[in-house]
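Enquirer: Mind folding the following:
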Amino acid sequence: MDWKAVFEPISLSIQISITASLIVFICSITVAYKMARARFIGKSIVETILLLPLVLPPTVVGLVLLVLLGRRSWIGKAYEAIFNGPLLFTWGAAAVAAVIVAFPLAYRTMKAGFESVDDDLEDSARSIGANEWQVFRFISVPLAKRSLTSAYILGFCRGLGEFGATLMVAGNIPGKTQTIPTAIYVAAEGGNMSMAWTWAGIMILLSFVMLLLSNRITKES
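Expert: Predicted coordinates:
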């Protein structure tokens, strides 16, 4: 067995998932906190848009990203001007796909955590002179840390398992954009079941370990 060929998709998937989950965590913690406290007309519509990738087929998400990241879009043009090459079918495109599909899951989990925090505690902190950042940093985040931890790990696992959108915008280029899910698909389609099961077993093990870690952290918190 070619162990280099085995570990390339694993390494790439982990790199993409770590990058995507960090971006998702930063974005979703900000948006979730604001949405958990905000009251405005059209909030349900905004929230529906934020959660839409959670229920859409990954191929639909991939099709939308294909248009948004293409050479004719302003994003694609800006990327090409800066990096002297297209964004589609690159490592970056795979990371963007992972961010988009992982964000709704992390956002929903974090928002539930922030909504569980008693508003009176935050108001009490404000009444003694705490600013919004201090309320967020020292009251809201510590009290919602179980949800925040779960959101990060779930985002990582979701990014790790992304297939449809990644295949459409990043393709399946060995050593460049081939992740574990796309590698499994190609191996199974080509009849190489031993390689497909090797990657599938590694994917199951990684996901199991991450979820076990999440459960242990949230119980000990």
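Enquirer: what sits against residue 43?
Expert: When contacts are counted by C-beta atoms under 8 Å, 6 or more residues apart in numbering, residue 43 touches residue 35. In this view, the C-beta of every residue, glycine as well, is placed from N, C-alpha and C.
Enquirer: Kindly report the same for residue 65.
Expert: 93, 96, 97, 100, 165, 168, 169.
Enquirer: and the helix or strand where the last one lies, C-alpha only, in PDB?
Expert: Counting by DSSP states H and E, the element that carries residue 169 is helix 164-170. C-alpha atoms of helix 164-170 as PDB (Å, rounded to 0.1, in the frame of the first residue of the first chain):
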ATOM      1  CA  GLY A 164     -20.400  17.800  -2.300                       C
ATOM      2  CA  ALA A 165     -19.500  21.400  -2.200                       C
ATOM      3  CA  THR A 166     -15.800  20.700  -2.000                       C
ATOM      4  CA  LEU A 167     -15.900  18.500  -5.000                       C
ATOM      5  CA  MET A 168     -17.600  21.200  -7.100                       C
ATOM      6  CA  VAL A 169     -15.400  24.100  -6.200                       C
ATOM      7  CA  ALA A 170     -12.100  22.400  -5.400                       C
END
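Enquirer: For that helix, name the packing helices and strands.
Expert: Applying 3 or more C-beta pairs under 8 Å, 6 or more residues apart in numbering; DSSP states H and E, one finds that helix 164-170 makes contact with helix 58-68, helix 91-115, helix 180-189.
Enquirer: try it again with 6 Å
Expert: helix 58-68, helix 91-115 (3 or more C-beta pairs under 6 Å, 6 or more residues apart in numbering; DSSP states H and E).
Enquirer: And for it, what's in contact with it?
Expert: Contact with helix 164-170 is made by 58-59, 61-62, 65-66, 88-89, 93-94, 97, 101, 177, 179, 182, as judged by C-beta atoms under 6 Å, 6 or more residues apart in numbering.
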